[in-house]
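In: The sequence and its predicted three-dimensional model are supplied below.
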Amino acid sequence: MKLLGLNREEVKRVFKEGKVTIAVYGLGKMGLPLAAVFADHGANVIGVDINNNVVEAINNGTNHINEEPGLSELVEKNVKAGRLKATTDGVWAAKQADVMIILVPTLTDDRGNLKLDPVYDVAKKISKGLEKGDIVITEATMPPGTTESLIPILEESGLKLGEFGLAHAPERTMTGTAIRDITGQYPKIVGASDEKTLEAVIGIYETINKKGVIPMSSIKAAEAVKVFEGVYRDVNIALANELALWCEEHSLDALEVFRAANTQPYCHLHMPGAGVGGHCIPVYPWFVINLAKKTNPRLIKTAREINDSMPHHIVELTIKALNEIGKPLKGSNILVLGLTFRGGVKEFMKAAAKPIIEELKEWGAKVYAYDPLCTPKDAERFGAEWKGDFKDVDAIIITTDHREFKALDLGKIAKQVRNKVIIDGRNVLNVEKAKELGFIYLRVGKG
Ligand SMILES: NC(=O)c1ccc[n+]([C@@H]2O[C@H](COP(=O)([O-])OP(=O)(O)OC[C@H]3O[C@@H](n4cnc5c(N)ncnc54)[C@H](O)[C@@H]3O)[C@@H](O)[C@H]2O)c1
Ligand SMILES: CC(=O)N[C@@H]1[C@@H](OP(=O)(O)OP(=O)(O)OC[C@H]2O[C@@H](n3ccc(=O)[nH]c3=O)[C@H](O)[C@@H]2O)O[C@H](CO)[C@@H](O)[C@@H]1O
């Protein structure tokens, strides 16, 4: 049933009566939870993905995103109930759907240039199935202004904007808490092409999100909200890293100082560490940098440089620690603990481990790796040799805050390693315990 022209209460009613068909393009860490939640609230959902294995798995009722609590049950239940299906045919899905949601990757290359091809690919497919009264929503994080750049593509359908609605409603969640967040951790941000579209889209998200909706004055404003959330985080992590480097120079423990400083409500010093990875935080600042014409986002650019320099600092700390025992990095056995960009998520995008392993090898070290979410093949892809123990290790470098690393048995490890050196790039270990056992223990902000 077409929603354009209905008020939010009418949208909620027809939604619950199972009269609304939604196509979700992109069935990854964000798209599949969203598709499953919509289905669980009564919509007929067609998931679209270019990955045939993903489509097949979902149509068999199975979930391929392992890090999402509750998702497997939701997928199985709603596929069985016939409310959730998947296809690779994005045009067919658009023809069936009343609402089409774009939730595919929006990335940058290593030099920060935008890589939005998946979004334009989906827009072209939607255009071939767009009907009067349909609503197109981008939920992927979009460089401000990009959603409206899709209008000419969508109008290739022969419809003019106004005959269909366009909106942006960014995914304000993260892997591991997506279902909780989508259904009501934070209000949903929405910006739309006109009042009718805004009213209908508010109805859609009020159906699934108990925290409600914050309507924005424009699509571009809604895009900026999500991007700025990410920029805020990247700049604040860079501040923490810069202050931590200063603390090392002045023999202070940054974490001790930050913890105390954060006890008053105007200070939120973040965690210094081995670097900033993932799909989000190192990417979104480039959306602002690349779109700046007259302004020069110096602070945002510098923050990116600081964060991207942290993997090198971890190697510097390793050299410093090995020096204390008269051991050159060259020829030493280094065990890197953590290949993923953060704990609990099997995602390698801009993970700190990659540049760290590369630089260690340039120095002539023998580099091993272990990650509880990964396999020996993943380690090989990083250029390291998989190692499931601590024998003959000269230095351990922690680059990911996996829960398993917080529980490491340092007493047992002390008996296995060849030299007791730990560089804790994610501040997961207990300093006192490590020092008690005779480890040289360094971390960012406590040289
Ligand atoms: N992962 C997070 O924590 C997170 C949080 C908030 C926002 N986001 C944003 O959500 C968006 C999606 O990120 P994600 O983490 O779900 O990515 P992902 O890599 O986990 O999933 C993307 C999915 O899209 C599919 N895909 C790629 N191109 C396609 C196309 N042309 N047509 C159909 N499907 C296609 C891929 O096969 C994959 O299954 C991005 O804009 C990201 O910035 C991610
Ligand atoms: C909706 C959405 O987009 N959600 C995002 C998602 O982001 P994400 O999944 O990418 O995870 P992040 O936690 O941001 O980590 C990124 C990298 O930064 C390192 N880091 C982190 C904090 C710190 O103090 N010091 C650091 O060095 C860390 O190791 C990792 O490499 O969740 C965040 C809430 O956690 C959200 O704010 C963020 O918008």
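Out: Sure, I can see it. Ligands and ions are numbered 1, 2, ... in the order given.

In: For the rest of this, base every contact and every neighbour count on C-alpha atoms.
Out: Noted.

In: Name the residues of the stretch 151-300 of the chain found near ligand 1, please.
Out: By C-alpha under 6 Å from any ligand atom, the part of the stretch 151-300 of the chain that sits against ligand 1 consists of 171-175, 279-280.

In: Intersect these with the contacts of ligand 2.
Out: Okay, of those touching ligand 2 (C-alpha under 6 Å from any ligand atom), that's 171-174, 280.

In: Quick check: which helices or strands does the host helix or strand of residue 32 pack against?
Out: Secondary structure from DSSP states H and E places residue 32 in helix 31-40. When contacts are defined as 3 or more C-alpha pairs under 8 Å, 6 or more residues apart in numbering; DSSP states H and E, helix 31-40 packs onto strand 21-25, strand 44-48, helix 71-80, strand 84-87, helix 178-182.

In: rewinding a little: wait, which of the residues of the stretch 151-300 of the chain next to ligand 1 is closest to ligand 1?
Out: Nearest to ligand 1 among these: residue 174, at 3.5 Å, using C-alpha to the nearest ligand atom.

In: State whether the closest one is indeed within a helix.
Out: No. Counting by DSSP: H, G, I helix; E, B strand; the rest coil, residue 174 is not found in a helix; it is coil.

In: what's around it, how many residues?
Out: When neighbours are counted by other C-alpha atoms under 10 Å, residue 174 registers 16.

In: Which residues does whichever strand or helix holds residue 204 contact?
Out: Residue 204 is located in helix 195-208, with elements delineated by DSSP H and E. The contact list for helix 195-208, computed with C-alpha atoms under 8 Å, 6 or more residues apart in numbering, reads 3-12, 15, 37-38, 41, 135, 165-167, 182-184, 188, 190-192, 212-213, 215.

In: do the same with stretch 267-282
Out: Counting by C-alpha under 8 Å, 6+ apart, 107, 230-231, 233-234, 236-241, 244, 255, 258, 261-262, 304, 307-311, 313-314, 341-342, 347-352, 399, 425-427, 443-445 sit against stretch 267-282.

In: So which of the ones next to ligand 2 among the residues of the stretch 151-300 of the chain next to ligand 1 sits lowest on pLDDT?
Out: Lowest-confidence member of those: residue 174, scoring 85 (pLDDT).

In: Can you tell me how far that residue is from residue 230?
Out: 12 Å (C-alpha to C-alpha, to the nearest Å).

In: got it, and residue 211?
Out: 21 Å.

In: now swap in residue 6 and tell me
Out: Relative to residue 230, and taking C-alpha to C-alpha, residue 6 is found at 34 Å.

In: Number of residues surrounding residue 437?
Out: 14.

In: Start the count at 16 instead of 1 going forward.
Out: Taking 16 as the first residue, the last one we looked at is residue 452.

In: Contacts only, for the residue of the stretch 316-462 of the chain found nearest ligand 1.
Out: Closest approach between the stretch 316-462 of the chain and ligand 1, counting by C-alpha to the nearest ligand atom: residue 362, at 8.4 Å. For residue 362, the contacting residues are 293, 355-356, by C-alpha under 8 Å, 6+ apart.

In: Just send these back as a markdown table, with secondary structure, neighbour count and pLDDT too.
Out: Listed next are the contacts of residue 362 as a markdown table, based on DSSP: H, G, I helix; E, B strand; the rest coil; neighbours: other C-alpha atoms under 10 Å; pLDDT from 0 to 100:
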| residue | secondary structure | neighbour count | pLDDT |
| --- | --- | --- | --- |
| 293 | coil | 17 | 94 |
| 355 | coil | 28 | 98 |
| 356 | coil | 26 | 98 |
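
In: Also within reach of ligand 2: list those from these.
Out: Within the contacts of residue 362, those near ligand 2 by C-alpha under 6 Å from any ligand atom are 293, 356.

In: In a markdown table: the contacts of residue 362, plus distance to residue 38.
Out: Output for the contacts of residue 362, formatted as a markdown table (distance: C-alpha to C-alpha, whole Å):
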| residue | distance to residue 38 |
| --- | --- |
| 293 | 26 |
| 355 | 31 |
| 356 | 30 |
